[in-house]
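**Q** Provided below are the primary sequence and the corresponding predicted coordinates.
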Amino acid sequence: MKLAISHETCYRYDAPVRGSTQYLRLTPRDSARQRVLEWRIDAPVKPVQTEDGYGNVLHVLTLDKPVREIRIRAVGVVTTLPAADDIDTLSLSPLVFTRSTALTRPDEALLRLAETFRRRTGTVSGLRELAAAILRKMPFTPGDTNVSSSAADAFALGSGVCQDHAHVFIACCRALGIPARYVSGYVYSPGHAESQVASHAWAEAWVVDRWRGFDIANSSPIGEMHVKLAIGADYYDACPVRGMRLGGGIESMSTAAHVSTEQ
């Protein structure tokens, strides 16, 4: 499948920002399942490209002049294959993804949920059952959580979005000793509203000898409708844009991401 992607993030401030640094994980990597045909990032100045510790493509955008608005846009075309699993060419050990983070640390309720799947989570089918159980307990509900909500917080609320589903799944996997990691990216959803944000998050778990993808929010495997951007231990490691600033007063942010098919 050939997918055209556009993703724009705009920050506005009620006072000038004297300086800022933004870390952009907005560029997908080539892999066995996806190939980047064209891609560019439009920003106030040209960002410096590098790579983070997880192997993600990282751009660092530094502004040293006062501004009231920072607009960042990523545009490109990616071809994808229906294969459900990506061959991981990175040398990073899966054991890196067994440690808990502030966003994925399980509480007693999550430990109880994980324990009910202990005998089955060593298989893909068992992990799919875990993903389905999480979605039943936490229906997709925008607005109840935010980017700083932990897995335990979202699970206690009984609702959340794709980020929360991924964090809960990861927390349960790690509680059972299964390496699991967070994935940010895009998903093409034909038939959904044109205005729907197409940025997405899912999880990967290490099963036997490879990473297996689980789209908990959509109750589906990872396939040709998914484009992977970045991986990490949790949202903070893999989010498309994250940064810091000096000054600026009150900040407002808007974001829009769209995915469409091309011939």
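**A** Perfect, I can see it now.

**Q** Now do the contacts for the closest residue to Ser100 other than its chain neighbours.
**A** For Ser100, ignoring the flanking residues on the chain, the nearest one in space by C-beta to C-beta, 6 or more residues apart in numbering is Arg174 at 5.9 Å. For the C-beta atoms, the positions are set from N, CA and C on the backbone; glycine is no exception. Taking C-beta atoms under 8 Å, 6 or more residues apart in numbering, we find Arg174 in contact with 97-100, 104, 106, 180.

**Q** try 7 Å
**A** Going by C-beta atoms under 7 Å, 6 or more residues apart in numbering, Arg174 touches 98, 100, 104, 180.

**Q** Now the residues you listed in CSV, please, with extra columns for secondary structure, distance to His59 and pLDDT.
**A** Output for the contacts of Arg174, formatted as CSV (DSSP: H, G, I helix; E, B strand; the rest coil; distance: C-beta to C-beta, whole Å; pLDDT from 0 to 100):
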residue, secondary structure, distance to His59, pLDDT
Thr98, helix, 29, 96
Ser100, coil, 29, 94
Thr104, coil, 26, 98
Ala180, strand, 26, 97
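
**Q** the longest strand in the chain is where?
**A** Across the chain, the longest stretch assigned as strand under DSSP state E is strand 2-27.

**Q** Each with direction, which strands does whichever helix or strand comes after it pair with?
**A** Downstream of strand 2-27, the first helix or strand assigned by DSSP states H and E is strand 34-42. Here strand 34-42 is paired, per DSSP bridges, with strand 67-80 (antiparallel).

**Q** residues making contact with the partner strand?
**A** 1-13, 16-17, 20, 22, 24, 26, 28, 33-44, 63, 224, 227, 241, 262.

**Q** tell me what the following helix or strand past that strand is packed against?
**A** Helices and strands here follow DSSP H and E; after strand 67-80, the next one along the chain is helix 108-115. The criterion is 3 or more C-beta pairs under 7 Å, 6 or more residues apart in numbering; DSSP states H and E, and the helices and strands that helix 108-115 contacts are helix 151-157, helix 162-175.

**Q** neighbours around the nearest residue to Phe155 once chain neighbours are set aside, how many?
**A** In space, not counting the residues next to it along the chain, Phe155 is nearest to Val168; the distance is 5.3 Å by C-beta to C-beta, 6+ apart. A count of nearby residues for Val168, using other C-beta atoms under 10 Å, gives 30.

**Q** Could you check how far Val168 is from Ala133?
**A** Counting by C-beta to C-beta, to the nearest Å, the gap from Val168 to Ala133 is 10 Å.

**Q** got it, and Leu111?
**A** 14 Å.

**Q** which one of those two has more residues nearby?
**A** Ala133 (17 against 14).

**Q** Helix, strand, or coil at the more buried one?
**A** helix (DSSP: H, G, I helix; E, B strand; the rest coil).

**Q** please begin residue numbering at 326 from this point
**A** Shifting the count to begin at 326 puts that one at Ala458.

**Q** how near is it to Glu587?
**A** Distance of Ala458 to Glu587, computed by C-beta to C-beta: 37 Å.

**Q** Okay, Thr426 and Ala434: tell me how far apart.
**A** Distance from Thr426 to Ala434, by C-beta to C-beta: 18 Å.

**Q** Which one of these two is surrounded by more residues?
**A** The neighbour comparison of Thr426 against Ala434 (other C-beta under 10 Å) goes to Thr426, with 19 against 12.

**Q** correct me, but the more buried one touches Tyr560?
**A** No: Thr426 is beyond contact range of Tyr560, at 9.3 Å (criterion: C-beta atoms under 7 Å).

**Q** Could you check how far the residue most central in space within the chain is from Arg343?
**A** In the chain, the C-alpha nearest the mean C-alpha coordinate belongs to Ser509, at 2.0 Å (C-alpha atoms, centre = their mean). Distance, Ser509 to Arg343, using C-beta to C-beta: 29 Å.

**Q** How many residues are close by the residue nearest to Ala457 when sequence neighbours are not counted?
**A** In space, and not counting its chain neighbours, Ala457 is closest to Ser544: 6.5 Å by C-beta to C-beta, 6+ apart. Ser544 has 15 neighbouring residues, counting by other C-beta under 10 Å.
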